[in-house]
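Asks: Predicted model, plus sequence, below.
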Amino acid sequence: MSAPTSTDSAVNEGTFTALRSQLQEAATAFADGPDALEGILLGIVDDVDRAVREPLEIFPVCHHSPASALAMARRLREKQPKVVYLELCEDMAPLLTELRNCRLPVAVQAFATEVDGFPAEWAPLSVVAPITEASAEYQAIAYALDTPGVELVLVDRSSDHVFQWQETKDESAGPADPDAPPAEEEAALHGDAVGVEIGDLRPRFAELEEHLLRHGRVRHWSEWWHQYVELPLGDSDHDTYRQVMLLIGSLFRRLAPGDPHRVRVDEDRERYMWTRMRRHLAATGTDPADALYVCGAFHAASRVEEFGVHGADTFEISPPSATKWQHGLIPSSHAAIEAQFGLAAGSVSIAATQWTKNLKRTRVKPYRLAGQAGTKTPKKAAKTAPAPVPARAEEAAASDRLTGFLRRPPVLDRLDEAELLGWSVEIVRAARRNGYLASTADAIAVFETSILLAGMRDRAKPTPYDFQDAAVTCIEKDTVPGRRDVRRLVEIMLGGDRIGQVGYDALPPLARDVHDRLAPLNLKLQQRGVQRALLDMASRPELEQCSDVLWMLRYLMPHGAARPIMGERRLGERSIQESWDLALGTHQRALIELGYEGVSIEQVLEQRLRRTAYGPQATTATVLQAVEDATLHLGSRRLAEELGRHALEVLATERSVDGAPEVLRRVRGLLAYYRTSEPSLPAWIESFVKTGYAHYCTLLPTAFTDDDASVRQVAAMLGFLFSMESLALSLGCDRNQLELAVAQSHPEDPAKTALLWAAKTQLGHLSRADLRARCDELLGNPLVVPAYPRYLSGFLHALEPVPGLADFVVEAVSNAFARLPDPVLLPWLPTLITSLRSGGADLAPLLIREAGRVFPGRLADLDTWVPPWRADPDPAATRPSRDRSAGPRGLPLLAAHPATCDAVANLLGCDDTWQTTAPAPSGAALLTRHPRTAEALGALLATP
């Protein structure tokens, strides 16, 4: 690079004389000696000089800055460049034309669900670049897309390189505040995506930022930037704006700490962008004077060798990885931008308000994409000509204006006083609507306090931040009566949180297909908020397809996007009426990201089911759940059979019983469905029952003695064996496997011991009398009584495989309450209750129903009630024997009330009369009336 001439040096000398005192103060505070001080001062001047003299005009910007957007609009109308180079991921270029179908703010997103070349734990990968109307990048995009003959070239690294150059996936995110409240819904619109911003301009030296905030009498960086950069640059000319932004970028760059990785990434980005621009200039033959390079002020003051159109061409761009990226637009919001990039709450909304004020004051006509949704078209009657663009002045004149501009304090004019008074009245009105006891006196107090705070902070006019502090001081007092505090009311009043929307034409095919299939609901599904959908499939059969879509969306999308209020869908059951709360507009980002995975929700659902079933963490229970979901939502027998065969393979490889309860529940449901809906069971489920029977028989003895296997899991194994036994035996299984497994089980845990006794009872190896005797023996042993609740827990879990023991469990609990003394019973009750609650909450209703059947229903009957297990312990022993010699017993009740029998006899055609006394036995009347059978039998027996 050639050395600067004396004329250029003189120009730069005059330009930055007014700033030298400020640079000296900063350098004295942060530099470590005279050499460093001289290096910082001369380096800043050299950086600005180098950028200004570059043949390819560099336009430095700050992200979401209304001053940058205003200066960009002015410069584009003055220069009319033929090529615009923009600092944005180069792979996002095809999506920019779809911005006209959206309501800003939105974010351009690159998304990858499956990674190839990156660590698997990084998946999914997501990069977003939010765009607002009050931003320089939007002005450049709108100008380039709607001006014939203008080419827009994105020159920043691709989304793939964003992750290639990172050491960890989340290194770009700031440190999480453990005391911070959970993010609101609007602030989480970007999810966990990596943010890419155009013009990240913030001190990277913590002491420098602290120094600026303290001496500027502000609380956070957004307020400092608004007060000392945004407002002064709002009315500046192009040369002043450009040199000040280059100065700030160079200052922050030279006073940044030497983080090797971050410095390397920043310099590689600059090398990448200049390499792309030189290659484009060489390929198209574009004159650098006809082009404009829009980048962050931090990168505009670059010192790499590749800087400039005549820089070194030594940087090699690495090839992208094999990861397949999907691109789209997602809705964004001011709160989401603030949360992702660490800005103060409400700063982007204040910037949008400042952008509107700048346009009215300067009469600059901004660029807007043709057909842009959400933009206001000016009325013809109120249309005013844009302010004439001044001719380009000499550097000396610009120097004088810059020095005077930086030294002149802003003046509080009458327009700002009227605006501040309007703010004060509006905040009092909003406070009264939200429950505050505010009055006109509070409005006056807010007005005066805002001016007072601005004066205390050395400001000529109050900023929105001063007004916010004044409103909180004068109105909020001690408590917040409503849901919103005064600080939030001020943010809403000054513009609120604007939430963008992606238009129908810019949606991916899957999202458009969802909207088309839900069109019969006649709802505005793109609107934010919750909408109620009523589906009466009985009167409108076409709504069944809408119901299918809604159930699939409920499975695929976050909670709240599609929530059923009435109706359910289970295997073999379909509702004829349903009611849904839909919030697809609120969850538009999730719907758009589904479009990255496929072209229809059926395809995405099938892919996710396969991914779940074939994943490394898949268990038999999760695969069976995938089978059930495939049957329920897709109705695909092919997919269900494929996943069912895979469940059989997973079951054969499992060596634990952790998922036994879930396996039992899902297999029972699938068997019940197939038995009622199909003529025969599928082959896979028959194989599953057969294999599962042998599998659980093999694991049963080990599970009884394994401390890691819970009682519920062992009970589920026995439930599978007993409930599937008939089907398994019909398929060729041997019952001896089960009997041998039970015989080889020797548990030591009381709960598992009781479970084993129940299994032996079911198999017939242990009678009810023996089981009752063992329980009586436990209650009679003082050493075992403290562990008796654990035995009851085992009996309670035994109701899963042996539900016929419900009456015996009631008997066991009742005997414990009857026989144990109070000193033993009262300390034992908490253990009993916790055991029943934790171990058998799902089986307790069965126990309660059985107790309700056994115990008397009235309190008066309780004193005379005798438990059935005591009233008739052996019904066969107490049953009276019948004396056959006494003749027929007769039925005195029928004889006393013969009307019923007479009616039945008339229907059958019988005319016999009633017998008043029991006659002597008269033999078989049927043989007397029809003797031929008896005669033939006698002849047969008499034959020798």
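Replies: Alright, I've got the coordinates. Residues are numbered from 1 along each chain as shown.
Asks: Quick check: the closest residue in space to residue 474 that isn't next to it in sequence vs residue 473, distance?
Replies: What sits nearest to residue 474 in space, not counting adjacent residues and going by C-beta to C-beta, 6 or more residues apart in numbering, is residue 445, at 4.3 Å. Every residue, glycine included, has its C-beta placed from N, CA and C. Residue 445 sits 8 Å away from residue 473, taking C-beta to C-beta, to the nearest Å as the criterion.
Asks: Those two: who's more crowded?
Replies: Legend: neighbour count by other C-beta atoms under 10 Å for residue 445 and residue 473, higher for residue 445 (20 against 16).
Asks: How about residues contacting stretch 343-362?
Replies: 64-67, 69-70, 132-134, 219-223, 226, 230-231, 234-235, 334-335, 337-338, 364, 366, 387, 464-465, 468, 490-491, 494-498 (C-beta atoms under 8 Å, 6 or more residues apart in numbering).
Asks: I'd like to know which of those are buried.
Replies: 64-67, 69-70, 132-134, 221-223, 226, 230-231, 234, 334-335, 337-338, 364, 366, 464-465, 468, 490-491, 494-495, 497-498 (16 or more other C-beta atoms under 10 Å).
Asks: Next step: these restricted to helices.
Replies: 66-67, 69-70, 221-223, 231, 334-335, 337-338, 464-465, 468, 490-491 (DSSP state H).
Asks: Let me see the ranges of the helices in the stretch 701-850 of the chain.
Replies: 711-723, 725-730, 735-743, 750-763, 768-780, 788-797, 806-819, 822-839, 844-854 (DSSP state H, counting those that start in this stretch).
Asks: Dump those helices into CSV; add distance to residue 509, mean neighbour count and mean pLDDT as well.
Replies: Putting the helices of the stretch 701-850 of the chain into CSV (distance: least, C-beta to C-beta, whole Å; neighbours: other C-beta atoms under 10 Å; pLDDT from 0 to 100) gives the following:
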stretch, distance to residue 509, mean neighbour count, mean pLDDT
helix 711-723, 44, 24, 90
helix 725-730, 45, 15, 88
helix 735-743, 54, 17, 89
helix 750-763, 55, 23, 90
helix 768-780, 65, 14, 88
helix 788-797, 51, 25, 83
helix 806-819, 56, 18, 84
helix 822-839, 50, 13, 73
helix 844-854, 48, 14, 81
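Asks: With distance to residue 276 added, can I get those in CSV?
Replies: Formatted as CSV, the helices of the stretch 701-850 of the chain follow (distance: least, C-beta to C-beta, whole Å):
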stretch, distance to residue 276
helix 711-723, 60
helix 725-730, 68
helix 735-743, 70
helix 750-763, 70
helix 768-780, 83
helix 788-797, 68
helix 806-819, 77
helix 822-839, 64
helix 844-854, 69
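Asks: Which of those helices sits closest to residue 439?
Replies: helix 822-839 (56.0 Å; C-beta to C-beta).
Asks: Select the longest helix from this protein.
Replies: The chain, longest helix under DSSP H: helix 260-284.
Asks: how far is that one from where the chain is centred?
Replies: 36 Å (C-alpha atoms, centre = their mean, to the nearest Å).
Asks: so what does that helix touch, helix or strand wise?
Replies: Where contact means 3 or more C-beta pairs under 8 Å, 6 or more residues apart in numbering; DSSP states H and E, helix 260-284 is packed against strand 83-89, strand 151-156, strand 291-296, helix 297-300.
Asks: For residue 641, find the nearest of these.
Replies: strand 83-89 (43.8 Å).
Asks: mean confidence for that closest one?
Replies: On average, the pLDDT along strand 83-89 is 91.
Asks: tally of neighbours for residue 87?
Replies: 26.
Asks: Against residue 787, how distant is residue 754?
Replies: With C-beta to C-beta as the criterion, residue 754 and residue 787 are 10 Å apart.
Asks: ok, residues contacting stretch 772-785?
Replies: By C-beta under 8 Å, 6+ apart, stretch 772-785 touches 757, 788, 791, 808, 811-812, 815-816, 819-820, 824, 828, 869.
Asks: that older thread, can I get the helices and strands packed on helix 260-284 in a markdown table with distance to residue 100?
Replies: Below are the helices and strands packed on helix 260-284 laid out as a markdown table (distance: least, C-beta to C-beta, whole Å):
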| stretch | distance to residue 100 |
| --- | --- |
| strand 83-89 | 17 |
| strand 151-156 | 14 |
| strand 291-296 | 20 |
| helix 297-300 | 28 |
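Asks: out of those, nearest to residue 453?
Replies: Comparing these by C-beta to C-beta, helix 297-300 comes nearest, at 29.8 Å.
Asks: Mind giving me the packing neighbours of the closest one?
Replies: strand 57-61, helix 238-254, helix 260-284.
Asks: Quick one: mean pLDDT for it?
Replies: The model assigns helix 297-300 a mean pLDDT of 83.
Asks: Contacts only, for the residue nearest to residue 223 when sequence neighbours are not counted.
Replies: Excluding the flanking residues, the one nearest residue 223 by C-beta to C-beta, 6+ apart is residue 465, at 4.7 Å. Residues near residue 465 by C-beta under 8 Å, 6+ apart: 218, 219, 223, 226, 227, 350.
Asks: What helix or strand is the last one located in?
Replies: Read that as residue 350. helix 347-362 (DSSP states H and E).
Asks: Using PDB, write out every CA atom in that helix.
Replies: Output for helix 347-362, consisting of C-alpha atoms alone and laid out as PDB, is shown next (Å, rounded to 0.1, in the frame of the first residue of the first chain):
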ATOM      1  CA  SER A 347     -33.600  -0.700  22.800                       C
ATOM      2  CA  VAL A 348     -34.600  -2.000  19.400                       C
ATOM      3  CA  SER A 349     -38.100  -0.600  19.900                       C
ATOM      4  CA  ILE A 350     -36.600   2.800  20.800                       C
ATOM      5  CA  ALA A 351     -34.400   2.600  17.700                       C
ATOM      6  CA  ALA A 352     -37.500   1.900  15.600                       C
ATOM      7  CA  THR A 353     -39.200   5.000  17.100                       C
ATOM      8  CA  GLN A 354     -36.000   7.100  16.400                       C
ATOM      9  CA  TRP A 355     -36.000   5.900  12.800                       C
ATOM     10  CA  THR A 356     -39.500   7.200  12.300                       C
ATOM     11  CA  LYS A 357     -38.600  10.500  13.900                       C
ATOM     12  CA  ASN A 358     -35.500  10.800  11.700                       C
ATOM     13  CA  LEU A 359     -37.500  10.200   8.500                       C
ATOM     14  CA  LYS A 360     -40.100  12.900   9.500                       C
ATOM     15  CA  ARG A 361     -37.400  15.400  10.400                       C
ATOM     16  CA  THR A 362     -35.000  14.900   7.500                       C
END
